[in-house]
Structures are given as C-alpha cells and as structure tokens.
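Colleague: pasting a predicted model and its sequence here:
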Amino acid sequence: MKNVKIFAVAATLSLISFGSFAAQQVNQPSNDMQKIGVISAANSTTLSGLEAKLSQQAKNAGASSYRIISVTGNNKLHADAEIYK
C-alpha cells in the first residue's frame, strides 16, 4: 500500500513538472517565428547549466524558443541567445 501511494505521488509530480518546462532550443528559426530579443547568461561551469539558465530566461521573457548565438569562456562560461515567439 505504501508503494502505491509513493507511485501516485511521483506520477502526480511528474505531470505537474511537464507544464513548467522552459522555452525550447532551436537550431534554425522558422519563418513563422518572430525574434523578440536577445538574452545572456553567465557564470556557469557546464554547457548544460548554461542552457538551463538561457531556457529559463527565455521562458520568463515570454519566448517559446531560443537560439544560442555565442558561447565564450574557460572555467566560467558566458552565452548569448536570440529569443523567439
């Protein structure tokens, strides 16, 4: 019985998290996408951490997608991305 409760809670939480995914990264924007700005993220030690920061910033700006246009750095990474709606 305890396992069933744990499974039910885990399933519910996983469904909730689906609705909170941030913006999607794209390689090439399509013609129906409108550029709405540029965002930046810094002080990340991994590319995946940098992508997560950009994705969250894009979502907060109301964008549905973003495209990374530059990444620089050695130990601390910095990136710029265009955001699209």
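Modeller: Thanks, I have the structure now. Numbers count the residues shown, from 1 in each chain.

Colleague: for Q56, what are phi and psi?
Modeller: Main-chain dihedrals, Q56, degrees, to the nearest 10: phi -70, psi -40.

Colleague: count residues in the vicinity of it, would you?
Modeller: Residues near Q56, counting by other CB atoms under 10 Å, number 14. Any C-beta I mention is one placed from the backbone N, CA and C, and that applies to glycine too.

Colleague: helix, strand or coil for the residue lying closest to A79 once chain neighbours are set aside?
Modeller: Of all residues not flanking A79 in the chain, V71 sits nearest, at 4.6 Å (CB to CB, 6 or more residues apart in numbering). When classified by DSSP: H, G, I helix; E, B strand; the rest coil, V71 comes out as strand.

Colleague: pretty sure V71 is touching H78, no?
Modeller: Yes: between V71 and H78 there is a contact at 7.2 Å, judged by CB atoms under 8 Å.

Colleague: what is the neighbour count of Q34?
Modeller: 11.

Colleague: cool, and I83?
Modeller: 24.

Colleague: repeat for A52
Modeller: A52 - counted by other CB under 10 Å - has 14 other residues nearby.

Colleague: what pLDDT does the model give it?
Modeller: Among the per-residue scores, A52 shows a pLDDT of 93.

Colleague: likewise for R67?
Modeller: 93.

Colleague: again, but for K35
Modeller: For K35, pLDDT reads 94.

Colleague: then L77?
Modeller: 95.

Colleague: with that, I have no additional questions.
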